[in-house]
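# I would like to see how this sequence folds:
(one chain, ligands or ions: 2)
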Amino acid sequence: MGTLTLNNGLTLSDTSSFAVEINGPTAGSQHDRVCVLGNVALNGATLAATGTITAPAGRLIVLIDNGGTDPVGGTFKDSLGATLAEGATVTVNGIDFLLSYAGGDGNDVVLFQAGAAGTIGTAGDDEFELRQADISGADYLQLLAGGAVVDSRAAAAVTSWTIDGAGGNDTLTVNYAASGGFLDIPVTFDGGAGATTR
Ligand SMILES: [Ca+2]
Ligand SMILES: [Ca+2]
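Residues are numbered from 1 along each chain as shown. Ligands and ions are numbered 1, 2, ... in the order given. So this is what the prediction gives:
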(Lines give C-alpha, C1' and ligand atoms only; values in the text may rest on other atoms or scores of the structure.)
(Ligands and ions follow the chains in the order given, each with its own letter.)
Protein backbone atom coordinates (compact mmCIF):
# COMPACT_ATOMS: atom_id res chain seq x y z
CA MET A 1 0.00 0.00 0.00
CA GLY A 2 1.40 3.37 -0.93
CA THR A 3 2.40 5.77 -3.65
CA LEU A 4 5.04 4.83 -6.19
CA THR A 5 6.70 7.36 -8.48
CA LEU A 6 8.20 6.26 -11.79
CA ASN A 7 10.35 8.80 -13.59
CA ASN A 8 10.91 6.89 -16.82
CA GLY A 9 7.44 5.79 -17.82
CA LEU A 10 5.42 2.66 -17.15
CA THR A 11 5.27 -0.13 -19.73
CA LEU A 12 3.30 -3.25 -18.89
CA SER A 13 2.99 -6.44 -20.90
CA ASP A 14 -0.15 -8.43 -21.74
CA THR A 15 0.96 -11.14 -19.36
CA SER A 16 1.59 -8.82 -16.44
CA SER A 17 -0.78 -7.99 -13.65
CA PHE A 18 -1.28 -4.49 -12.26
CA ALA A 19 -2.28 -5.14 -8.67
CA VAL A 20 -3.83 -2.35 -6.63
CA GLU A 21 -5.28 -2.43 -3.15
CA ILE A 22 -8.24 -0.11 -2.50
CA ASN A 23 -9.36 0.20 1.08
CA GLY A 24 -10.59 3.81 1.00
CA PRO A 25 -10.56 7.03 -1.01
CA THR A 26 -7.25 8.50 0.22
CA ALA A 27 -4.22 7.82 -1.97
CA GLY A 28 -1.19 6.39 -0.27
CA SER A 29 -2.69 5.47 3.08
CA GLN A 30 -5.89 3.83 1.77
CA HIS A 31 -5.16 2.90 -1.82
CA ASP A 32 -2.22 2.40 -4.09
CA ARG A 33 -1.30 5.02 -6.65
CA VAL A 34 1.44 5.11 -9.26
CA CYS A 35 2.69 8.51 -10.40
CA VAL A 36 4.31 8.31 -13.81
CA LEU A 37 6.52 10.77 -15.63
CA GLY A 38 6.80 9.62 -19.23
CA ASN A 39 4.74 7.23 -21.28
CA VAL A 40 2.08 4.94 -19.82
CA ALA A 41 1.60 1.80 -21.93
CA LEU A 42 -0.86 -0.70 -20.46
CA ASN A 43 -0.71 -3.20 -23.34
CA GLY A 44 -3.61 -5.31 -22.09
CA ALA A 45 -2.16 -6.04 -18.66
CA THR A 46 -4.58 -7.50 -16.13
CA LEU A 47 -6.04 -5.03 -13.65
CA ALA A 48 -6.26 -6.79 -10.31
CA ALA A 49 -8.08 -4.43 -7.95
CA THR A 50 -8.88 -5.75 -4.51
CA GLY A 51 -9.47 -4.22 -1.12
CA THR A 52 -11.84 -3.54 1.71
CA ILE A 53 -13.38 -0.24 0.55
CA THR A 54 -16.94 0.15 1.81
CA ALA A 55 -19.82 2.44 0.81
CA PRO A 56 -19.88 5.37 0.66
CA ALA A 57 -16.78 5.03 -1.43
CA GLY A 58 -14.69 7.92 -2.63
CA ARG A 59 -16.07 9.21 -5.85
CA LEU A 60 -12.72 9.35 -7.56
CA ILE A 61 -9.77 7.03 -7.12
CA VAL A 62 -6.71 7.82 -9.19
CA LEU A 63 -4.80 4.61 -9.83
CA ILE A 64 -2.26 6.02 -12.27
CA ASP A 65 -1.41 9.71 -12.09
CA ASN A 66 -0.04 10.24 -15.58
CA GLY A 67 2.15 13.34 -15.74
CA GLY A 68 2.23 15.69 -18.68
CA THR A 69 -0.47 15.67 -21.31
CA ASP A 70 0.28 12.41 -23.15
CA PRO A 71 -2.68 10.01 -23.23
CA VAL A 72 -2.61 6.54 -21.70
CA GLY A 73 -1.61 3.91 -24.25
CA GLY A 74 -3.70 0.75 -24.46
CA THR A 75 -6.16 -0.65 -21.96
CA PHE A 76 -6.33 -3.10 -19.10
CA LYS A 77 -8.16 -6.39 -19.20
CA ASP A 78 -10.04 -8.11 -16.41
CA SER A 79 -9.16 -11.34 -14.64
CA LEU A 80 -11.05 -13.33 -17.30
CA GLY A 81 -9.09 -11.75 -20.13
CA ALA A 82 -11.81 -9.38 -21.38
CA THR A 83 -10.74 -5.91 -22.43
CA LEU A 84 -11.70 -3.17 -19.99
CA ALA A 85 -12.75 -0.37 -22.31
CA GLU A 86 -13.34 3.24 -21.31
CA GLY A 87 -16.29 3.24 -18.89
CA ALA A 88 -16.04 -0.46 -18.04
CA THR A 89 -17.28 -1.57 -14.64
CA VAL A 90 -14.69 -2.67 -12.09
CA THR A 91 -16.02 -4.18 -8.88
CA VAL A 92 -14.01 -3.93 -5.67
CA ASN A 93 -15.37 -5.45 -2.48
CA GLY A 94 -18.86 -5.51 -4.02
CA ILE A 95 -18.81 -1.82 -5.00
CA ASP A 96 -19.05 -0.97 -8.69
CA PHE A 97 -16.71 1.60 -10.15
CA LEU A 98 -16.40 2.91 -13.70
CA LEU A 99 -12.93 2.82 -15.17
CA SER A 100 -11.60 5.76 -17.17
CA TYR A 101 -8.31 6.27 -18.91
CA ALA A 102 -9.04 9.98 -19.36
CA GLY A 103 -9.81 11.03 -15.80
CA GLY A 104 -8.16 13.41 -13.35
CA ASP A 105 -6.53 16.17 -15.36
CA GLY A 106 -7.50 14.34 -18.54
CA ASN A 107 -4.96 11.54 -18.93
CA ASP A 108 -5.09 9.63 -15.66
CA VAL A 109 -6.35 6.08 -15.01
CA VAL A 110 -9.15 6.47 -12.49
CA LEU A 111 -12.13 4.74 -10.95
CA PHE A 112 -15.37 6.67 -10.49
CA GLN A 113 -18.07 5.46 -8.15
CA ALA A 114 -20.88 3.99 -10.23
CA GLY A 115 -24.56 4.68 -9.66
CA ALA A 116 -26.68 7.73 -10.32
CA ALA A 117 -24.80 10.65 -11.84
CA GLY A 118 -24.61 12.98 -8.90
CA THR A 119 -21.86 15.23 -7.67
CA ILE A 120 -21.42 16.82 -4.27
CA GLY A 121 -19.13 19.82 -3.89
CA THR A 122 -17.02 20.99 -1.01
CA ALA A 123 -17.89 23.50 1.72
CA GLY A 124 -15.76 26.05 -0.15
CA ASP A 125 -16.16 27.68 -3.56
CA ASP A 126 -16.44 25.14 -6.37
CA GLU A 127 -16.15 25.71 -10.09
CA PHE A 128 -17.95 22.93 -11.94
CA GLU A 129 -18.04 22.25 -15.63
CA LEU A 130 -20.24 19.67 -17.33
CA ARG A 131 -19.23 18.71 -20.82
CA GLN A 132 -19.52 15.97 -23.39
CA ALA A 133 -16.22 14.57 -24.62
CA ASP A 134 -15.49 12.34 -27.58
CA ILE A 135 -13.17 9.59 -26.33
CA SER A 136 -12.11 7.14 -29.03
CA GLY A 137 -15.26 7.86 -31.03
CA ALA A 138 -17.79 7.52 -28.20
CA ASP A 139 -19.42 10.28 -26.19
CA TYR A 140 -18.82 10.56 -22.45
CA LEU A 141 -20.32 13.06 -20.07
CA GLN A 142 -17.68 14.48 -17.80
CA LEU A 143 -18.01 16.57 -14.67
CA LEU A 144 -15.03 18.73 -13.81
CA ALA A 145 -14.33 20.42 -10.51
CA GLY A 146 -11.59 23.03 -10.50
CA GLY A 147 -10.47 21.81 -13.91
CA ALA A 148 -10.07 18.13 -12.95
CA VAL A 149 -12.34 15.40 -14.27
CA VAL A 150 -14.07 14.04 -11.16
CA ASP A 151 -16.70 11.95 -12.93
CA SER A 152 -17.03 10.50 -16.41
CA ARG A 153 -19.55 8.09 -17.81
CA ALA A 154 -20.91 6.92 -21.13
CA ALA A 155 -23.34 9.61 -22.31
CA ALA A 156 -25.88 7.06 -23.52
CA ALA A 157 -26.27 5.73 -19.97
CA VAL A 158 -26.91 9.12 -18.35
CA THR A 159 -30.48 10.46 -18.16
CA SER A 160 -29.85 13.36 -15.76
CA TRP A 161 -27.16 14.86 -13.62
CA THR A 162 -27.55 16.40 -10.18
CA ILE A 163 -24.90 18.68 -8.74
CA ASP A 164 -25.04 19.87 -5.16
CA GLY A 165 -22.45 22.58 -4.65
CA ALA A 166 -22.76 22.39 -0.84
CA GLY A 167 -21.44 25.56 0.86
CA GLY A 168 -19.57 28.48 -0.67
CA ASN A 169 -20.08 30.34 -3.92
CA ASP A 170 -20.36 27.69 -6.59
CA THR A 171 -20.58 28.03 -10.32
CA LEU A 172 -21.56 25.57 -13.03
CA THR A 173 -20.62 25.95 -16.67
CA VAL A 174 -22.32 23.67 -19.18
CA ASN A 175 -19.77 23.50 -21.96
CA TYR A 176 -21.19 22.76 -25.39
CA ALA A 177 -17.86 23.53 -27.05
CA ALA A 178 -16.03 20.40 -25.90
CA SER A 179 -15.18 17.61 -28.31
CA GLY A 180 -18.52 15.84 -27.80
CA GLY A 181 -20.55 18.96 -28.59
CA PHE A 182 -24.10 19.59 -27.42
CA LEU A 183 -25.43 17.57 -24.51
CA ASP A 184 -29.13 17.17 -23.94
CA ILE A 185 -29.95 15.97 -20.44
CA PRO A 186 -31.69 17.69 -17.54
CA VAL A 187 -29.14 19.16 -15.15
CA THR A 188 -30.06 20.14 -11.62
CA PHE A 189 -27.66 22.50 -9.90
CA ASP A 190 -27.93 23.63 -6.31
CA GLY A 191 -25.34 26.34 -5.94
CA GLY A 192 -26.19 26.94 -2.30
CA ALA A 193 -27.99 30.24 -2.74
CA GLY A 194 -30.82 28.66 -4.70
CA ALA A 195 -31.46 25.94 -7.19
CA THR A 196 -31.14 26.41 -10.91
CA THR A 197 -32.59 23.77 -13.18
CA ARG A 198 -32.12 23.66 -16.88
CA1 LIG B 1 -2.38 13.55 -15.46
CA1 LIG C 1 -19.20 24.48 -2.63
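# got the buried residues for stretch 68-79?
72-78 (16 or more other C-beta atoms under 10 Å). Where C-beta positions appear, they are placed from N, C-alpha and C, glycine not excepted.
# What lies in contact with that stretch?
14, 18, 37-48, 64, 66, 83-86, 88, 90, 99, 101-102, 106-109 (C-beta atoms under 8 Å, 6 or more residues apart in numbering).
# Next: stretch 45-58.
Contact with stretch 45-58 is made by 12-26, 30-31, 63, 76-79, 81, 84, 90, 92-93, 95, 97, 99, 111, 113, as judged by C-beta under 8 Å, 6+ apart.
# Ligand 2 contacts on the chain?
Within the chain, the residues that sit near ligand 2 (C-beta under 5 Å from the ion) are 121, 126, 165-166, 168, 170.
# Looking at those residues, state which has the most neighbours.
The residue in the residues of the chain next to ligand 2 with the most neighbours, by other C-beta atoms under 10 Å, is Gly165 (25 neighbours).
# Not counting its neighbours along the chain, what's nearest Gly167?
Ala123 (4.1 Å; C-beta to C-beta, 6 or more residues apart in numbering).
# cool, and Met1?
In space, and not counting its chain neighbours, Met1 is closest to Glu21: 5.5 Å by C-beta to C-beta, 6+ apart.
# what ranges of this protein fall below the confidence cut-off?
In the predicted model of the chain, residues 56-58, 192-198 satisfy pLDDT under 70.
# for ligand 1, what are the nearby residues on it?
Taking C-beta under 5 Å from the ion as the contact definition, the chain meets ligand 1 at 66, 105, 107-108.
# quick one: which two of these are the most distant?
The span of the residues of the chain next to ligand 1, defined through C-beta to C-beta, is set by Asn66 and Asp105 at 8.5 Å.
# More neighbours: which of the two?
Using other C-beta under 10 Å as the criterion, Asn66 and Asp105 rank with Asn66 on top: 28 against 16.
# From ligand 2, how far out is Leu12?
Note on Leu12: its distance to ligand 2, by C-beta to the ion, to the nearest Å, is 38 Å.
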